[in-house]
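In: coordinates only, no sequence provided:
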């Protein structure tokens with residue numbers, strides 16, 4: 001047990017610039033002034049947000065007990081509310097760091113702090129003053145480059161922005177949340193958006209966001225042969241040119257009335273409006289047929305841990321071609337905790353698969369099923385980018401965490417293949433769910 005005179009130094013894990021000298025200086029003042037509680041006068045000391053320490057005694061903590069919900073998490077609010085014997089301490093500091101932040105709240109903070117610490121060999125002994133000095137000099141462009149490099153494989157899927165999409169999506173995303181999602185995505189280096197003329201209001205919402213904004217790469221899809229949809233998409237998106245235009249129903253290209261000349265002329269007209277022409281496939285057989293059309297350079301395929309049909313297809317990738325993976329969570333099915341949301345015709349098989357996925361997560365020390373599924377797709381170097389949709393801001397904020405996780409090894413992949421052999425059933429084909 002602790003004595004009432006024992007001293008507690010409270011430092012939070014998201015404040016990484018604090019060093020032993022900073023704490024020792026405050027401890028001396030705490031003992032000298034004999035206060036219930038002391039902390040930093042950040043404004044008076046001209047220190048950045050995130051450079052702070054609280055010091056108090058065990059007796060003080062016991063005297064001013066936590067009574068409100070926030071007290072339990074933040075420990076000291078009750079002391080600050082009721083004690084009359086507290087003091088804000090000024091630290092000697094000639095430079096003004098007050099407008100800056102060195103806390104770890106957002107993914108941008110992670111890269112900023114990582115960038116600073118990587119400049120030092122002995123990172124644990126670098127003084128808080130030196131770290132603050134580097135913080136003030138930091139160039140935001142360098143941080144943006146780091147994030148772009150880390151997250152440039154993510155494409156934000158935007159079907160959910162237009163309508164109810166996915167097994168677990170039970171609510172419509174309003175305009176305010178939509179704008180926040182798109183803004184946050186760009187802020188962490190996600191500059192590719194995937195949409196379609198058939199995603200209802202998705203294109204219009206993206207268009208409202210990207211007005212007067214540069215460096216947003218938009219991929220949209222149209223229903224063949226309705227080429228007029230492309231003109232409407234450009235208008236909704238406030239763009240004159242798209243990164244890629246994909247045929248949303250490639251199965252109708254090679255029907256009995258297929259005419260290579262007509263299709264080629266159509267593609268020539270489309271190419272004027274984009275960097276890449278391609279198609280969004282459901283079956284490998286469609287992909288194989290489209291490989292014969294030289295102008296097609298962009299392929300979007302449903303690719304996930306359960307669907308091995310595309311593994312050999314990846315080996316056929318040629319220089320200059322793009323392959324994007326979508327449906328890595330099988331429209332959210334693989335992340336569902338509620339078996340009742342699963343379509344009845346695949347429910348028995350899904351139960352077995354989910355049990356196996358949880359077993360693999362445990363054995364391979366993955367954080368959860370989402371971590372496993374993202375790491376699996378990310379393992380394949382032939383896949384240029386991964387399309388991932390979100391139902392809310394929380395899911396988007398979680399994405400950087402998953403893409404910063406450790407990669408799967410060749411041994412891990414063999415283990416997965418052994419535990420879940422190739423599946424060729426309705427489970428991997430949403431169009432067959434009932």
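Out: On my side now, so go ahead. Quantities reported herein were computed from a predicted structural model and do not represent experimental measurements.

In: can you give the contact residues for stretch 311-321?
Out: Outside stretch 311-321, the residues that touch it by Cβ atoms under 8 Å, 6 or more residues apart in numbering are 284, 287-288, 291, 297-299, 301, 323, 380, 382-383. The C-beta positions use only the backbone N, C-alpha and C, and glycine is treated the same way.

In: can I get these in TSV with pLDDT and distance to residue 248?
Out: Listed next are those as TSV, based on pLDDT from 0 to 100; distance: Cβ to Cβ, whole Å:
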residue	pLDDT	distance to residue 248
284	92	17
287	90	15
288	88	19
291	84	18
297	93	17
298	96	13
299	96	13
301	97	14
323	97	17
380	97	24
382	96	23
383	97	20
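
In: show the buried residues in these.
Out: In the contacts of stretch 311-321, burial by neighbour count holds for 284, 287, 297-299, 301, 323, 383, counting by 16 or more other Cβ atoms under 10 Å.

In: most widely separated two among these?
Out: 284 and 297 (17.8 Å; Cβ to Cβ).

In: do a quick rundown of the strands in the chain.
Out: Using DSSP state E, the strands of the chain run over 7-10, 37-40, 54-57, 86-89, 154-157, 192-194, 217-222, 242-247, 274-280, 296-302, 322-326, 385-389.

In: of the buried ones among the contacts of stretch 311-321, closest to residue 193?
Out: Closest to residue 193, out of all of those and judged by Cβ to Cβ, is residue 298, at 14.9 Å.

In: the stretch 201-350 of the chain: helices as residue ranges?
Out: Remark: helices assigned in the stretch 201-350 of the chain by DSSP state H, counting those that start in this stretch are 202-209, 228-237, 260-271, 284-290, 311-314, 347-363.

In: quickly compare those and say which is most buried.
Out: Each of the helices of the stretch 201-350 of the chain was scored by mean neighbour count; the highest is helix 202-209, a mean of 22, by mean count of other Cβ atoms under 10 Å.

In: contacts for it next, please.
Out: Residues contacting helix 202-209 (Cβ under 8 Å, 6+ apart): 158-159, 161-163, 175, 178-179, 182-183, 193, 195-197, 218, 220, 233, 235-239.

In: give me the angle between it and helix 228-237.
Out: Angular relation of helix 202-209 and helix 228-237 on a 0 to 180 degree scale: 30 degrees, by axes from the mean of the first three to the mean of the last three Cα atoms, to 10 degrees.

In: just give me how far helix 202-209 sits from the chain centre.
Out: Centroid separation for helix 202-209 versus its chain: 20 Å, with Cα atoms, centre = their mean, to the nearest Å.

In: related to what we said a few turns ago, out of the contacts of stretch 311-321, which comes closest to residue 133?
Out: Once Cβ to Cβ is applied, the member of the contacts of stretch 311-321 that ends up nearest residue 133 is residue 383, at 41.9 Å.

In: which helix or strand in this structure has the lowest average pLDDT?
Out: helix 260-271 (a mean of 84; mean pLDDT, DSSP states H and E).

In: and that helix, what does it pack onto?
Out: Other elements packing on helix 260-271 under the criterion 3 or more Cβ pairs under 8 Å, 6 or more residues apart in numbering; DSSP states H and E are strand 274-280.
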